[in-house]
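> Build me a model from this:
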Amino acid sequence: MYETKLAHVHATTPPIFWCPNIYPGGTGAWVVRRSEYLKEVYADDDLFTKKGFSGFAQFIGEDWSLVPTELTGEPHAQVRRTLNPVFAPAKMFSLDDMVRNRARSLIATFKDRGHCDFVSEFAVPFPVTIFLDLFGLDQSQIPQFLSWEHDLLHTTDMNARIKATHEVKKYLLDAIQARRENPKDDLITYALDYEFDGKPWTNEMVYGYCFNLFVGGLDTVTANIGLHLYHLAAHAEQQAELRADPAKLTLAIEELLRAYGAVTTYRTVTREVDFHGVKMLPGDKVAMSTSLAARDPEAWDHPDEIRFDRKPSHLTFGSSSHRCLGMHLARRELLIAMQEMLASLPAFELDKSQPVPFWMGSIIQVRKLPLVWQV
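Residues are numbered from 1 along each chain as shown. Sure, this is the predicted structure:
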């Protein structure tokens, strides 16, 4: 159980410690495990910059930014003012029918079978189908997108990462050019009308925005859905509680987001600083683990207990000015997925004859989730 590993880290390490191989590419970074300290890192965009944190541009010898994620200061603020209304709660609510139809179509393929691998049959394809819809792309692209997602985010093979970055860049630039020639009702076309400093976004900005949504909108949703369904499959009493009162789902998901924080992002220190007794130097990387913050015993009373009435103010979507742009869409996807699974299937549980493997990387995931139920 990975929560046991997180508890061990909290019990045996200082609030900030050096890990020699945590940063992508196998180099070191400072790990901030305390939730309150992590909030300070999020809030100080000048000292702890997000510029270039993903490394994708650097992998291929370039210097573009994920938009808005890797922008800082006023450019970031200006772009967020443009994009926040696009991803506002009301806009995301308007997508419910589309999201629900995608969920139902995937569940229909296994609900009468009595068993499934929830990860490969739902958690992985679900956000990809929605991404393709929002970008006006053909659903036949799912296998290619999943291959790129794996090579960008789930391998230590740097050659594979570099190759995937080149291929995704070419694909997205081609899609952007296609929208310039033949506009559609989709997120790529909308971005062609956005302005920065009174001028249309450059092709590089539009591309950086599309790449950002690609890497941010697929894997993190997959991770969270898998972890949440893993919890309900392993805790029959809490699954029964939500079946008896579906109105509890909204708060339950917030607690599951808190308890199963899945993502570690990174910042770069811009100047020498003594940060809570730790000397950090310019260029040092800082690993910001929402997984550790989620189980911080100094932030949460009995952090390993899942309480659907806790109403947590968690860091799963980040904090401060860089709070996740797509969090409202992610919440709708998580809620609808849970609603449809509970409505479509009888009580499900883990298939005890099969293991549940976890991927312990920058995005913690259940790699396979074998579920069974009576039909």
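> Quick check, pLDDT for Ala293.
We have a pLDDT of 94 for Ala293.
> what helix or strand does the residue sitting nearest the centre point of the chain sit in?
Nearest residue to the geometric centre of the chain (Cα atoms, centre = their mean): Thr220, 2.4 Å. Per DSSP states H and E, Thr220 falls inside helix 219-234.
> Quick one: list the elements packing against the very next helix or strand once past that helix.
Elements were assigned by DSSP H and E; along the chain past helix 219-234, the next helix or strand is helix 236-244. Here helix 236-244 touches helix 219-234, helix 249-259, helix 327-344, going by 3 or more Cβ pairs under 8 Å, 6 or more residues apart in numbering; DSSP states H and E. In this view, the C-beta of every residue, glycine as well, is placed from N, C-alpha and C.
> so where is the chain shaky, pLDDT-wise?
Counting by pLDDT under 70, the ranges of the chain that qualify are 1-2.
> Now do the contacts for the residue nearest to the centre of the chain.
Counting by Cβ atoms under 8 Å, 6 or more residues apart in numbering, Thr220 touches 262-263, 330, 363.
> out of the helices and strands packed on helix 236-244, deepest packed?
helix 219-234 (a mean of 23; mean count of other Cβ atoms under 10 Å).
> angle of that helix against helix 327-344?
Angle between the axes of helix 219-234 and helix 327-344 is 30 degrees (criterion: axes from the mean of the first three to the mean of the last three Cα atoms, to 10 degrees).
> need the contact list for Gly283.
Contacts of Gly283 (Cβ under 8 Å, 6+ apart): 268-269.
> Nearest spatial neighbour of Lys5, chain-adjacent residues omitted?
Nearest residue to Lys5, sequence neighbours excluded (Cβ to Cβ, 6 or more residues apart in numbering): Met360, at 7.5 Å.
> and the residue nearest to the centre of the chain, how far is that from Asp185?
From Thr220 over to Asp185 the distance is 25 Å, taken as Cβ to Cβ, to the nearest Å.
> and what of Leu71?
According to Cβ to Cβ, Leu71 and Asp185 sit 26 Å apart.
> Neighbour count for those two, which is higher?
Counted by other Cβ atoms under 10 Å, Leu71 and Asp185 do not tie: Leu71 has more neighbours, with 23 against 7.
> Need the three-state assignment for the more buried one.
coil (DSSP: H, G, I helix; E, B strand; the rest coil).
> Can you get me a residue count around Phe308?
Phe308, neighbours per other Cβ under 10 Å, totals 18.
> Would you verify that it is located in a helix?
No: counting by three-state DSSP, Phe308 falls outside a helix, being coil.
> doesn't Glu255 make contact with it?
Yes: with contact defined as Cβ atoms under 8 Å, Phe308 reaches Glu255; the gap is 5.5 Å.
> now Val273: how far from Val41?
Counting by Cβ to Cβ, the gap from Val273 to Val41 is 11 Å.
> more crowded one of these two?
Val41 (22 against 16).
> What residues does the more buried one make contact with?
By Cβ under 8 Å, 6+ apart, the contact list for Val41 reads 32, 48, 267, 286, 288.
> got a list of what the first one touches?
Going back to what we said before, that points to Val32. 15-16, 38, 41, 286-289.
> let's go with 10 Å and repeat that
15-17, 38-42, 48, 267, 275-276, 278, 286-289, 292-293 (Cβ atoms under 10 Å, 6 or more residues apart in numbering).
> PyMOL command to pick out the buried ones of the residues you listed?
Buried members of the contacts of Val32, defined by 16 or more other Cβ atoms under 10 Å, are picked up in PyMOL with:
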select buried, resi 15+16+38+39+40+41+42+48+267+275+278+286+287+288+289+292+293
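> Just the buried positions in the helix or strand in which Ala29 is found, please.
Following DSSP H and E, one finds Ala29 within strand 27-32. For strand 27-32, the neighbour count (16+ other Cβ under 10 Å) marks 29-32 as buried.
> Could you list every helix and strand that the helix or strand where Lys91 lies packs against?
Take DSSP H and E as the rule and Lys91 turns out to sit in helix 89-93. With contacts defined as 3 or more Cβ pairs under 10 Å, 6 or more residues apart in numbering; DSSP states H and E, helix 89-93 has these neighbours: helix 327-344.
> what's the following helix or strand after the helix it packs on?
Going down the chain from helix 327-344, the next helix or strand is strand 348-350, by DSSP H and E.
> Return the list of helices and strands in contact with that next one.
Secondary-structure packing of strand 348-350 (3+ Cβ pairs under 10 Å, 6+ apart): helix 219-234, helix 236-244, strand 370-373.
> Can you point out the buried residues in the helix or strand hosting Thr4?
According to DSSP H and E, Thr4 maps onto helix 2-12. Neighbour counts over helix 2-12 (16+ other Cβ under 10 Å) mark 6, 9-10 as buried.
> And the contacts of that helix?
Under Cβ under 10 Å, 6+ apart, the answer for helix 2-12 is 1, 17, 19, 31, 33-34, 227, 259-261, 289, 291-298, 303-304, 306, 358-360, 364, 366.
> Turn the buried ones among those residues into a named ChimeraX selection, would you?
In ChimeraX, a selection of the buried entries from these looks like this (16+ other Cβ under 10 Å):
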select :19,31,33,34,227,259,260,261,289,291,292,293,294,295,296,303,306,358,359,364,366
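> quick one, strands of the stretch 1-150 of the chain?
Along the stretch 1-150 of the chain, the stretches classed as strands by DSSP state E, counting those that start in this stretch are 16-23, 27-32, 48-49, 115-117.
> Switch these over to a markdown table, and while doing so, append distance to Gln141 to every line.
Below are the strands of the stretch 1-150 of the chain laid out as a markdown table (distance: least, Cβ to Cβ, whole Å):
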| stretch | distance to Gln141 |
| --- | --- |
| strand 16-23 | 31 |
| strand 27-32 | 33 |
| strand 48-49 | 34 |
| strand 115-117 | 22 |
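> Thought Leu146 was touching Phe131, still the case?
No: in this structure, Phe131 is not within contact of Leu146 by Cβ atoms under 10 Å, at 11.1 Å.
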